[in-house]
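Colleague: Would you be able to build a 3D model of this:
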Amino acid sequence: MPKGYVIARADITDAEAYAKYAAGASEAIKAHGGRPLARGGKYEALEGPARMRNVILEFDTFEQARAYYHSAQYQAAKALREGAAEMEIVVVEGA
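Modeller: Sure, this is the predicted structure:
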């Protein structure tokens, strides 16, 4: 069965509020069996606009990745991020 990946790109506007979101999101990731493959760190825009923070999470299945995002635990963390970042998040089926 193909794995699922959550890919998030963010420009952070309130570091303190974003840190609270990240702590809650980390707990939700663990609870849903996710594994961070990339979290922040060095990046280079090769094409198109870049964002200051990039995250890639791996889950055993696409459905598990979707369940993480839609979970009450993650949605509670997401509420802490309100006004703290501009984000794009996608879930992708992979190998």
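Colleague: where exactly do the strands run in this structure?
Modeller: Here the chain has its strands, by DSSP state E, at 3-12, 35-39, 53-59, 85-94.
Colleague: In a markdown table, list those along with distance to Ala76.
Modeller: Placement of C-beta: from N, CA and C, glycine included. Converted to a markdown table, the strands of the chain look like this (distance: least, C-beta to C-beta, whole Å):
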| stretch | distance to Ala76 |
| --- | --- |
| strand 3-12 | 17 |
| strand 35-39 | 19 |
| strand 53-59 | 17 |
| strand 85-94 | 16 |
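Colleague: tell me which residues in the longest helix that the chain contains are buried?
Modeller: Identified as the longest helix of the chain according to DSSP state H is helix 15-31. Buried residues in helix 15-31, defined by neighbour count with 16 or more other C-beta atoms under 10 Å: 17-18, 21-22, 24-25, 28-29.
Colleague: Now do it and strand 3-12, the angle between them.
Modeller: 170 degrees (axes from the mean of the first three to the mean of the last three C-alpha atoms, to 10 degrees).
Colleague: Format the strands of the chain as a markdown table; extra columns: mean pLDDT.
Modeller: As requested, the strands of the chain are arranged in a markdown table below (pLDDT from 0 to 100):
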| stretch | mean pLDDT |
| --- | --- |
| strand 3-12 | 98 |
| strand 35-39 | 97 |
| strand 53-59 | 97 |
| strand 85-94 | 97 |
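Colleague: Export those strands as JSON lines, with columns for distance to Tyr74 and mean neighbour count.
Modeller: Compiled in JSON lines, the strands of the chain are given as follows (distance: least, C-beta to C-beta, whole Å; neighbours: other C-beta atoms under 10 Å):
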{"stretch": "strand 3-12", "distance to Tyr74": "10", "mean neighbour count": "19"}
{"stretch": "strand 35-39", "distance to Tyr74": "14", "mean neighbour count": "13"}
{"stretch": "strand 53-59", "distance to Tyr74": "11", "mean neighbour count": "19"}
{"stretch": "strand 85-94", "distance to Tyr74": "10", "mean neighbour count": "14"}
